[in-house]
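Novice: Can you look at this prediction? I've put the sequence above it.
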Amino acid sequence: MDRYLTYAEYQAYGGTLSESDFNLSEFRAQKRIDYLTDTRVAAMAVVPEEVKLCIVSLIKVDQATGVDAIADNPLLASFNTDGYSESYGSASEQISALTKQMNNTITEMLYGVMDDNGVPLLYRGLDV
């Protein structure tokens, strides 16, 4: 499987991750895009600039609030100073919100982008 974004391109867009961290994050972003586009990008001769920029954006979101970030730093839901208590939001709620945010990012950034056959990348209907 070819990458949609190389490490050199990622760095040129201002990316700061190490290459090993980038590899996993790029893979996750690519799989999410493939899911929402029915892998249309994989069949294209050239990966559109919009897809590359979308991956950079998804990597930033994943690093800041992704599953690994949630596990390392759970979201503080409430805090009480008198008797010192704190509670954290559920991981499933955080992951659900993250998924929605990432899907919205893909939808916004890839809206109107066509594949090599003129089919919108985000088209999910039937060809009749």
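Specialist: Happy to help now that I have it.
Novice: May I ask which helix or strand of this structure has the lowest mean pLDDT?
Specialist: Of all helical and strand segments in the chain, the minimum by mean pLDDT, DSSP states H and E falls on helix 67-72, at a mean of 52.
Novice: Centroid-nearest residue for the chain?
Specialist: By Cα atoms, centre = their mean, the chain has its centre lying nearest to Leu58, at 3.1 Å.
Novice: Am I right that it sits in a strand?
Specialist: No. Going by DSSP: H, G, I helix; E, B strand; the rest coil, the assignment for Leu58 is helix, not a strand.
Novice: which residues sit in contact with it?
Specialist: Counting by Cβ atoms under 8 Å, 6 or more residues apart in numbering, Leu58 makes contact with Ser25, Arg28, Ala29, Arg32, Ile33, Met102, Thr105, Ile106. Heads up, the C-betas are built off the backbone N, CA and C, glycines and all.
Novice: can you list those in CSV and add neighbour count and secondary structure?
Specialist: Formatted as CSV, the contacts of Leu58 follow (neighbours: other Cβ atoms under 10 Å; DSSP: H, G, I helix; E, B strand; the rest coil):
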residue, neighbour count, secondary structure
Ser25, 24, helix
Arg28, 18, helix
Ala29, 25, helix
Arg32, 19, helix
Ile33, 25, helix
Met102, 22, helix
Thr105, 17, helix
Ile106, 22, helix
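Novice: Reformat those residues as JSON lines; add pLDDT and distance to Asp2.
Specialist: Shown next, in JSON lines, are the contacts of Leu58 (pLDDT from 0 to 100; distance: Cβ to Cβ, whole Å):
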{"residue": "Ser25", "pLDDT": "93", "distance to Asp2": "17"}
{"residue": "Arg28", "pLDDT": "93", "distance to Asp2": "16"}
{"residue": "Ala29", "pLDDT": "95", "distance to Asp2": "14"}
{"residue": "Arg32", "pLDDT": "94", "distance to Asp2": "16"}
{"residue": "Ile33", "pLDDT": "96", "distance to Asp2": "13"}
{"residue": "Met102", "pLDDT": "90", "distance to Asp2": "22"}
{"residue": "Thr105", "pLDDT": "94", "distance to Asp2": "22"}
{"residue": "Ile106", "pLDDT": "95", "distance to Asp2": "19"}
